[in-house]
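K.L.:
Got a sequence here, can you model it:
(2 chains)
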Protein chains: 2
Amino acid sequence: MASGNTEAAVLVTGGAGYIGSHTVVELLEKNYNVVVIDNCSNAVKSQNCKAESICRIEKFTNKTIQFYDVDLLDVESLRKVFQKHSFFSVIHFAGLKAVGESNEIPLKYYRVNIAGTLNLLDMMKEFKVNNIVFSSSATVYGSPNYLPMDEKHPVGQNLTNCYGRTKYFLEQLLTDVYNAEKDWNVIILRYFNPVGSHKSGQIGEDPSGPPNNLMPYVAQVAGGRREALNVFGNDYDTLDGTGVRDYIHVIDLALGHLAALKKLKENCGLKIYNLGSGVPYSVLQMVAAFEKASGKKINYKIAPRRSGDLASVYGDASLAEKELNWKATRGLDEMCEDLWRWQCQNPKGFNTP
Amino acid sequence: MASGNTEAAVLVTGGAGYIGSHTVVELLEKNYNVVVIDNCSNAVKSQNCKAESICRIEKFTNKTIQFYDVDLLDVESLRKVFQKHSFFSVIHFAGLKAVGESNEIPLKYYRVNIAGTLNLLDMMKEFKVNNIVFSSSATVYGSPNYLPMDEKHPVGQNLTNCYGRTKYFLEQLLTDVYNAEKDWNVIILRYFNPVGSHKSGQIGEDPSGPPNNLMPYVAQVAGGRREALNVFGNDYDTLDGTGVRDYIHVIDLALGHLAALKKLKENCGLKIYNLGSGVPYSVLQMVAAFEKASGKKINYKIAPRRSGDLASVYGDASLAEKELNWKATRGLDEMCEDLWRWQCQNPKGFNTP
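P.N.:
Modelled structure (predicted):
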């Protein structure tokens, strides 16, 4: 499938974020015409008013990115972007994603994630852009009825947080839109746990405040920014008692979006795919792998279980392999090595001079 | 519980609509200080720019209603209403409700019902109004696992239309808000099938276009406005093969809202109640009852089942009886007589001169 700058552009919402920025790099490498919007609510900004992640990508790819500091809740600014460019598709990453915070400020999560997406979809309809790839999450599966979870696993039941509910509701909303607008193509991607970063060490996951996710925390402990890792629960019914998850290299995840874009061009209708490695690792296995990759000892202590945490969550991504010709190929060592490079080069994340 | 004009007002959103207007009448009769907002998207407007239903209520109650033609999507107009009045509680009826239409224009339904409610809740938070009664629907139960359905019946599964999904999502959203804002009181009322109208014959259900619900259609056939009723399916597993529902007189339903307001004053937290009669009637039983009340023969023909229709849906409203000291007391004959009076006096609904 040819792709180049003469084609209609791909709009990447939330393109300055962790998964978004890595996807932008892969799109640029395949010569897609990329337009990024991001409200930078979770991003460090550079002096030229672009997000720092975007500036760094421009430097190491030697390409210019069309970037707009636009909030999806600002309809008029969003409209201007749609007026200026002709889009083939949207890849919609933008949204709030902190699980704990979502339960504290639900109105903000519903506003940003749901009303923001409604604005985007209304604009797509207005400008006859009818292809979308949507960032969903394995969190929509709730507590697993069976493992590994495939796409037929029930969704929306026993969700323990408001973040997960916004993702579930948006999946339903997109399904309703697809059913009403038969010429739309909608691909919903359910992510497992992305880790790692680009080989350049120039972009990576940069949580503001203490990381909510395991591996950024581990990396910051290894780098000396945090004292010790809390391991929440070591009495789960797993191989070593700690929680088991499905980690996927962020580059593999990014490449899943490029595979989805190709699928959209086949007028695929509505499709839902897991994007994961399918390989379960425990917290202690991840810690051990990171110690090996970094050569650093990770201090950790066992803490009580957190409410809402599940023992084991991992997926079956064989449908994506079959239909998108995509699978995760980067293993645990590579995830840890790439994360460690990012951490070493950027001890303060994007605020590192 | 005393209530009078010196008290903070009750804001009724969608107060010009069918259930809203009947609730406004009952609130006025108990001397509540009532403020109504309605965008009149589904209402006939009178010359003084109020909704016709509101004007008629003012005439037969001899009271003035503070009415604003305000859309919940218009945040600045909504804020002006909150600035002008001090509200004890909101009763939130406003929303789109046509099941079939909801599947055709889902973006509009999500926009009006969900983004509209988000605007209302944000405004309540801004003005520290923390009591709300929300219009939900028995449709959130989906296909019944058991009958009669009580409030513990699973919700959100196998919903066949976008309207029902917006109600379900709003229930979840309100639950999330309650969990985050512990000083809020939230009562979710799940309506079964309201019929009938006020004894004055001055207000009633006035669908624009062919009615989606059974009884307004039956009344229009009796009144000569429609030729014949389509009975969708007579091979269901019910007493006579036609669909069975739980009909409740709209005045009983309205009084359920007054009972909920009293409950809010007890700082009740989050509560969910069915409002129904608990008495199942089939389509043909309803037709027979209406023939008796009107003295007219109702022409009907058997048509194929409609996709998404269920055989039997009826509720257990004993929790509302126990906790709200409320129950439906108006029987089938009264529902039909009151509906027929409305139909005879208003053959063209609120457009009748």
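K.L.:
immediately after the lengthiest helix in chain A, which helix or strand?
P.N.:
Taking DSSP state H as the criterion, chain A has its longest helix at helix A:162-180. Following helix A:162-180 in sequence order, the next helix or strand is strand A:185-191 (DSSP states H and E).
K.L.:
For A:Gly223, grab the count of nearby residues.
P.N.:
17 (other CB atoms under 10 Å in any protein chain shown). (Each C-beta comes from the backbone N, C-alpha and C, glycine too.)
K.L.:
could you give the mean pLDDT of the longest helix of chain A?
P.N.:
Averaged across helix A:162-180, pLDDT comes to 98.
K.L.:
And that helix, what's buried?
P.N.:
Neighbour-count burial for helix A:162-180, counted by 16 or more other CB atoms under 10 Å in any protein chain shown, picks out A:162-178, A:180.
K.L.:
Next: stretch A:196-207.
P.N.:
Residues A:196-198, A:200-206 are the ones in stretch A:196-207 that count as buried (16+ other CB under 10 Å).
K.L.:
I figured A:Val75 was touching A:Asn119, is that so?
P.N.:
Yes: counting by CB atoms under 8 Å, A:Val75 touches A:Asn119, with 5.4 Å between them.
K.L.:
Pick out whichever of these two has more residues nearby.
P.N.:
Neighbours were tallied for A:Val75 and for A:Asn119 using other CB under 10 Å; the higher tally belongs to A:Asn119 (19 against 13).
K.L.:
in which helix or strand would I find the more buried one?
P.N.:
helix A:116-126.
K.L.:
same thing with A:Trp340?
P.N.:
Using DSSP H and E, A:Trp340 falls in helix A:332-345.
K.L.:
quick check: mean pLDDT across that helix?
P.N.:
For helix A:332-345, the per-residue pLDDT averages 98.
K.L.:
ok, is the worst-scoring helix or strand of chain A on mean pLDDT in contact with chain B or not?
P.N.:
Least confident helix or strand of chain A, by mean pLDDT, DSSP states H and E, is helix A:99-104 with a mean of 94. Yes: contact between helix A:99-104 and chain B, assessed by CB under 8 Å from any CB of the partner chain, occurs at A:103-104.
K.L.:
What are the buried residues along that helix?
P.N.:
Residues A:99, A:101-103 are the ones in helix A:99-104 that count as buried (16+ other CB under 10 Å).
K.L.:
what do you get for stretch A:301-317?
P.N.:
For stretch A:301-317, by 16+ other CB under 10 Å, it's A:310-317.
K.L.:
Tell me if I am right that A:Met286 is in a helix.
P.N.:
Yes: applying DSSP: H, G, I helix; E, B strand; the rest coil, one finds A:Met286 inside a helix.
K.L.:
do you know how far it is from A:Ser143?
P.N.:
Taking CB to CB, to the nearest Å as the measure, A:Met286 falls 21 Å from A:Ser143.
K.L.:
Kindly report the same for A:Ser318.
P.N.:
Note on A:Ser318: its distance to A:Ser143, by CB to CB, is 22 Å.
K.L.:
How about A:Leu239?
P.N.:
According to CB to CB, A:Leu239 and A:Ser143 sit 19 Å apart.
K.L.:
ok, back up a step: packing partners of the helix holding A:Trp340?
P.N.:
Using 3 or more CB pairs under 8 Å, 6 or more residues apart in numbering or on different chains; DSSP states H and E as the contact test, the elements touching helix A:332-345 are strand A:193-195, helix A:214-222, strand A:244-249, helix A:283-294.
K.L.:
what about the ones you listed, which gets the closest to A:Leu332?
P.N.:
A:Leu332 lies closest, by CB to CB, to one member of the helices and strands packed on helix A:332-345: helix A:283-294, at 4.9 Å.
K.L.:
Assign a three-state SS to A:Gly95, would you?
P.N.:
State at A:Gly95, reduced to three classes by three-state DSSP: coil.
K.L.:
which ones are touching the residue lying closest to it once chain neighbours are set aside?
P.N.:
Spatial nearest neighbour of A:Gly95, excluding adjacent residues (CB to CB, 6 or more residues apart in numbering or on different chains): A:Asn113 at 4.5 Å. Contacts for A:Asn113 (CB atoms under 8 Å, 6 or more residues apart in numbering or on different chains) come out as A:95-96, A:163, A:166-167, A:170.
K.L.:
Surely A:Asn113 is in a strand?
P.N.:
No: under the criterion used here (three-state DSSP), A:Asn113 is helix, not part of a strand.
K.L.:
pLDDT score for it?
P.N.:
A:Asn113 is given a pLDDT of 98.
K.L.:
ok, it to B:Lys30 distance?
P.N.:
Counting by CB to CB, the gap from A:Asn113 to B:Lys30 is 40 Å.
K.L.:
Who are the packing partners of the least confident helix or strand of chain A?
P.N.:
Secondary-structure packing of helix A:99-104 (3+ CB pairs under 8 Å, 6+ apart): helix A:162-180, helix B:162-180.
K.L.:
Of the ones you listed, give the one that comes closest to B:Ile188.
P.N.:
The closest of the helices and strands packed on helix A:99-104 to B:Ile188 is helix B:162-180. By CB to CB, the value is 5.5 Å.
K.L.:
Can the closest one be said to contact chain A?
P.N.:
Yes: Helix B:162-180 reaches chain A (CB under 8 Å from any CB) through B:162, B:165, B:169, B:172-173, B:176-177, B:179-180.
K.L.:
What residues does the stretch 51-200 of chain A have near chain B?
P.N.:
A:103-107, A:110-111, A:114-115, A:118, A:121-122, A:125, A:156-157, A:162, A:165, A:169, A:172-173, A:176-177, A:179-180.
K.L.:
Could you rerun that using 6 Å?
P.N.:
With CB under 6 Å from any CB of the partner chain as the criterion, the stretch 51-200 of chain A meets chain B at residues A:104, A:106-107, A:110-111, A:115, A:118, A:121-122, A:162, A:165, A:169, A:172-173, A:176-177, A:180.
K.L.:
Excluding chain neighbours, what is closest to A:Leu189?
P.N.:
Nearest to A:Leu189 is A:Leu275, by CB to CB, 6+ apart, at 5.2 Å.
K.L.:
mind checking pLDDT for the nearest residue to A:Phe60 once chain neighbours are set aside?
P.N.:
Excluding the flanking residues, the one nearest A:Phe60 by CB to CB, 6+ apart is A:Ser200, at 4.9 Å. Note for A:Ser200: predicted pLDDT of 98.
K.L.:
What values do phi and psi take at A:Ser200?
P.N.:
Backbone torsions for A:Ser200, taken as degrees, to the nearest 10, come to phi -60, psi -20.
K.L.:
And the one 5 residues further on, by the same measure?
P.N.:
When quoted as degrees, to the nearest 10, the phi and psi of A:Glu205 stand at phi -80, psi 130.
K.L.:
Wait, it touches A:Tyr18, no?
P.N.:
Yes: because the distance of 4.5 Å satisfies CB atoms under 6 Å, A:Glu205 is recorded as touching A:Tyr18.
K.L.:
returning to what we had before: which one of the helices and strands packed on helix A:99-104 lies nearest to B:Lys265?
P.N.:
Of all those, helix B:162-180 sits nearest to B:Lys265, with 16.6 Å by CB to CB.
K.L.:
Tell me the one among the residues of helix B:162-180 next to chain A nearest to B:Trp342.
P.N.:
Looking across the residues of helix B:162-180 next to chain A and measuring by CB to CB, the closest to B:Trp342 is B:Cys162, at 29.4 Å.
K.L.:
contacting residues for the closest one?
P.N.:
Contact partners of B:Cys162, counting by CB atoms under 6 Å, 6 or more residues apart in numbering or on different chains, are A:176, B:102-103, B:106, B:109.
K.L.:
just A:Val24 next, same as before
P.N.:
A:Val24 neighbours (CB under 6 Å, 6+ apart): A:12, A:15, A:34.
K.L.:
how about a cut-off of 10 Å?
P.N.:
A:10, A:12, A:15-17, A:32, A:34-36, A:53-54, A:57-58, A:61, A:63, A:65, A:67, A:91, A:93, A:203, A:254, A:257 (CB atoms under 10 Å, 6 or more residues apart in numbering or on different chains).
K.L.:
Cool, thanks, talk later.
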